[in-house]
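[1] model the following, please.
(one chain, ligands or ions: 1)
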Amino acid sequence: MTFEALKELDSQYVIQTYGRNPIAIDHGQGATLYDLDGKEYIDFSSGIGVLSVGTAHPKWVAAVAEQAGKLAHISNLYYTQPYIQLAEKLCTRSGMAAAFFGNSGAEGNEGVIKLARKYSFDQYGEGRGTVITLNNSFHGRTITTLAATGQDVFHQYFFPFTEGFRRAQPTLDSVQEVAGHDVCAVLVELVQGEGGVYPLERQFVRELAQLCRERDWLLLVDEVQTGVGRTGSLFCFQQYGVQPDACSFAKGIAGGLPMGGFLVNEKCRNVLGPGAHGSTFGGNPVCAAAALAVLDILDDETISQVKEKGDYLRGQIEAMGLPCLGKTRGMGLMIGIDVAQGYSNKELYARLNQAGLLCLTAGSGLRLLPPLTITRAEMDKGLAILNRTLTG
Ligand SMILES: *Cc1c(COP(=O)(O)O)cnc(C)c1O
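    Sure thing, here's the model as predicted:
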């Protein structure tokens, strides 16, 4: 089928919720992808942080194929080996105590919000269900996670939203100002992703963790984008020197298959008991086998290279001195680039994609989330496209 024919069918039969690039990706290997006509693209987007080990990694493909040929699904009415091994690996490598598996980031965040409200209900009874979230945050597209999201543009049309969210600036003063006796938790992204790749101040995060301990609020960290090695450690909180009560994950966990969920600490392991929470596809054997392969590929050595790769990309981009771009920021391979006054990030993004470099926008800038396994040669190819396309 030609691209034009596909596009026509999409517009006729698919609800038009996405502003798509006029590109139909067909296949690839690592961070190198090809469209239907065989044109090559370098992937600096990972399908929005999902392709943590790139496309068609041989170990990932073998694990998925093997599990698909054995057992694709059986429900959580039975034990299966992959999700149990995955929970063990995630807990061992993060210092958390237990895992819950669902399908998406929003579902992971819904889970930690339910966890916090149930914890608080068990300890203190009703009236303590408010969760503080931060300005400029993004937590998902369900009615509840939209309510948790700290950006007004997401609070339209779908009224009534879930109540019980209050917004603060990322400062301790601001959090204390909005705090009341009705608060049970604080939910934060340590590096705000969709909001523009803004890392929170270390001092603020440490003080926030302390405040949470003092008030018995749960510290909930949304690691949907920052998790699974993206920022240079398995979870971002490991670099901030705090241990959350719960953290959600999704995007990169299963390397391209849908999986999300959350981890909890010892204090919260029994908050959600039988019947309190669930998900039909949660812990699905094929997705869990994929995630096990991802964690196997992303060993300590591979994750330790993430910071160097990020520094290399940022250094090279800043050294280009392109008039349309400003400073870079971020952690590891989660990179934000300011767009200079007079230029539109959407327009630069469209030009780069068209020129063969898949990248993203975030806030008013550009955002890069390459596969964590990207090679030096692929990075250099991508950088050359960026330089060539944005010069002049
Ligand atoms: C992408 C994202 C989500 C939503 O994940 P979905 O899988 O689309 O539900 C939530 N939080 C953060 C920080 C994200 O980046």
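[2] got the confidence number for the residue of the stretch 51-200 of the chain found nearest the ligand?
    Closest residue of the stretch 51-200 of the chain to the ligand, CB to the nearest ligand atom: Gly105 (2.3 Å). In short, each C-beta sits where N, CA and C put it, glycine included. Looking at Gly105, its pLDDT reads 98.
[3] contact residues of the stretch 51-200 of the chain facing the ligand?
    Within the stretch 51-200 of the chain, the positions adjacent to the ligand are Ser104, Gly105, Ala106, Asn109, Phe138, His139, Gly140, Glu189, Gly193, Glu194 by CB under 6 Å from any ligand atom.
[4] what sits up against the host helix or strand of the third one?
    With elements taken from DSSP states H and E, the one containing Ala106 is helix 105-124. When contacts are taken as CB atoms under 8 Å, 6 or more residues apart in numbering, the neighbours of helix 105-124 outside the stretch itself are 100, 102, 128-129, 131, 139-142, 144-145, 148, 164, 184-185, 187, 216-218, 220, 222, 224-225, 245-251, 260-262, 264, 268, 271-272, 276-277, 279.
[5] pull up the gap between the residue of the stretch 51-200 of the chain closest to the ligand and Glu266, please.
    Taking CB to CB, to the nearest Å as the measure, Gly105 falls 24 Å from Glu266.
[6] where exactly do the helices run in the stretch 201-350 of the chain?
    For the stretch 201-350 of the chain, the helices defined by DSSP state H, counting those that start in this stretch cover 202-215, 237-240, 285-297, 300-320, 345-355.
[7] mind listing what's buried in stretch 33-50?
    Buried residues in stretch 33-50, defined by neighbour count with 16 or more other CB atoms under 10 Å: Leu33, Asp35, Tyr41, Ile42, Asp43, Phe44, Ser45, Ser46, Gly47, Gly49, Val50.
[8] so who does the closest residue in space to Gly326 that isn't next to it in sequence touch?
    Residue nearest to Gly326 in three dimensions, not counting chain neighbours: Asp338, with 3.2 Å by CB to CB, 6 or more residues apart in numbering. Neighbour list for Asp338: Leu325, Gly326, Lys327, Thr328, Arg329, Ser364, Gly365 [criterion: CB under 8 Å, 6+ apart].
[9] let's see that with 7 Å instead.
    Residues near Asp338 by CB atoms under 7 Å, 6 or more residues apart in numbering: Leu325, Gly326, Lys327, Gly365.
[10] identify the residue spatially nearest to Ala288, adjacent ones excluded.
    Nearest residue to Ala288, sequence neighbours excluded (CB to CB, 6+ apart): Pro82, at 3.5 Å.
[11] make that Val294, sorry
    Counting by CB to CB, 6+ apart, the residue nearest Val294 is Gly255, at 4.3 Å.
[12] what does Val228 give?
    Gly252 (3.8 Å).
[13] ok, that neighbour touching Arg230?
    Yes - assessed by CB atoms under 7 Å, Gly252 is found in contact with Arg230 at 6.2 Å.
[14] quickly list what's touching both of these two.
    Common neighbours of Gly252 and Arg230 are listed as Gly49 (criterion: CB under 7 Å, 6+ apart).
[15] from Leu208, how far out is the residue of the stretch 51-200 of the chain closest to the ligand?
    Relative to Leu208, Gly105 is positioned 21 Å away (CB to CB).
[16] again with Ala106
    Going from Ala106 to Leu208 by CB to CB gives 23 Å.
[17] same question, Met96
    18 Å.
[18] skipping adjacent residues, who's closest to the most centrally placed residue in the chain in space?
    By CA atoms, centre = their mean, the chain has its centre lying nearest to Gln225, at 1.7 Å. The shortest distance from Gln225 to any non-neighbouring residue, by CB to CB, 6+ apart, is to Gly193 (3.8 Å).
[19] residues touching the one you found, list them.
    Gly193 neighbours (CB under 7 Å, 6+ apart): Phe138, Gln225, Met334, Ala362.
[20] what's around the first one, how many residues?
    Think Phe138. 24 (other CB atoms under 10 Å).
[21] again with Ala98
    For Ala98, the neighbour count with other CB under 10 Å is 18.
[22] ok, now Asn345?
    With neighbours defined by other CB under 10 Å, the count for Asn345 comes to 21.
[23] same check, this time on the one 10 residues further on
    The number of residues packed around Ala355, counting by other CB under 10 Å, is 14.
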